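# I need the structure of the sequence given here:
(one chain, ligands or ions: 1)
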Amino acid sequence: MNVDPEVQRQLLELADVDAELARIEHRRKKLPELDEIATAEKDLRTHRDALVAIQTSASDLDREVTRQEREIESVRAREDKDRSLMASGSVSAKQLTDLEHELETLKRRQSALEDDLIELMERREAVGVDEQRTGAQVDAAENGLADAQRRRDEALADLDTQQARKDEERTALVAPMPADLLARYEKVRAAKGRGAGLLRQRRCGSCQLELDRTALAEIKNTAPDVVVTCDNCGAILVRTAESGL
Ligand SMILES: [Zn+2]
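You can find the predicted model right below:
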């Protein structure tokens, strides 16, 4: 394959641009914010689940409090009814004794119900404190996640800018290159990561392997416009004044 040495030299720039593009791609996949986001999402789920559980017990307790209050109210109504019956003077002595007895029972019942209600309300209060604390944890986790997402987006936008710049450079570099040269370059790049290297100090700039005397002599005797490749990695070996041939 014969290619103008000047065009061959541009392969070195192309290889640098491609290495930079590969670095950008790698950084895109390995952004520390991605791990941070995954952790923040997990945290948020945990706190949200906890909040749902707490809110469920809060509404259960609210229902119990209401039921207990209604129960106390009905006992109180019964007491009122008994008392007005006793005050009416229309009951017999036997009924009066029965009513007094019932009133005492109702009083004990009411007192027990009120104790239960106090306990329920105390539990409800504790759940309320829990709910507030967990709600704050949910808020903090949401903020943490949003912050990590914002930083990820900024980092990605920055990488997009860098990539666009390199893509542009690449387009300009490949424009004058013959298709078969590019095809060879791309084939080696796909397999080895780098498609071309500078021959310098007897080494291939791509795989860094030292060329033996025979190979060097052969390259030295090859016309500058003939494309030579590294026997080891297959990269196109670009010869410049630095090659020391
Ligand atoms: Zn090589």
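# what helix or strand is residue 10 on?
helix 5-29 (DSSP states H and E).
# helices or strands up against that helix?
helix 93-174, helix 179-192, strand 196-200, strand 236-238 (3 or more C-beta pairs under 8 Å, 6 or more residues apart in numbering; DSSP states H and E). No exception for glycine: its C-beta is placed from N, CA and C like everyone else's.
# Report the angle between the third one and helix 179-192.
Between the axis of strand 196-200 and that of helix 179-192 there is an angle of 90 degrees, by axes from the mean of the first three to the mean of the last three C-alpha atoms, to 10 degrees.
# helices and strands around strand 196-200, which ones?
helix 5-29, strand 236-238.
# Other residues contacting the following helix or strand past that strand?
The helix or strand immediately downstream of strand 196-200 is strand 203-204, counting by DSSP H and E. Outside strand 203-204, the residues that touch it by C-beta atoms under 8 Å, 6 or more residues apart in numbering are 197, 209-211, 230, 232-233, 235, 237.
# touching the ion at all, strand 203-204?
Yes: using C-beta under 5 Å from the ion, strand 203-204 comes into contact with the ion via residue 204.
# pLDDT averaged over that strand, what's the number?
Mean pLDDT, computed over strand 203-204, is 95.
# State the distance from the residue nearest to residue 28 when sequence neighbours are not counted to the ion.
Closest residue to residue 28 apart from its sequence neighbours, by C-beta to C-beta, 6 or more residues apart in numbering: residue 159 at 5.3 Å. Distance, residue 159 to the ion, using C-beta to the ion, to the nearest Å: 29 Å.
# and the most centrally placed residue in the chain, what does it touch?
In the chain, the C-alpha nearest the mean C-alpha coordinate belongs to residue 37, at 2.4 Å (C-alpha atoms, centre = their mean). With contacts defined as C-beta under 8 Å, 6+ apart, residue 37 is in contact with 145, 148-149, 152.
# Can you pull the residues of the chain lying near the ion?
Going by C-beta under 5 Å from the ion, the residues of the chain near the ion are 204, 206-207, 230, 232-233, 235.
# now these in a markdown table, with secondary structure, neighbour count and distance to residue 113?
Listed next are the residues of the chain next to the ion as a markdown table, based on DSSP: H, G, I helix; E, B strand; the rest coil; neighbours: other C-beta atoms under 10 Å; distance: C-beta to C-beta, whole Å:
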| residue | secondary structure | neighbour count | distance to residue 113 |
| --- | --- | --- | --- |
| 204 | strand | 25 | 91 |
| 206 | coil | 26 | 87 |
| 207 | coil | 16 | 87 |
| 230 | coil | 24 | 92 |
| 232 | coil | 15 | 91 |
| 233 | coil | 19 | 88 |
| 235 | coil | 27 | 89 |
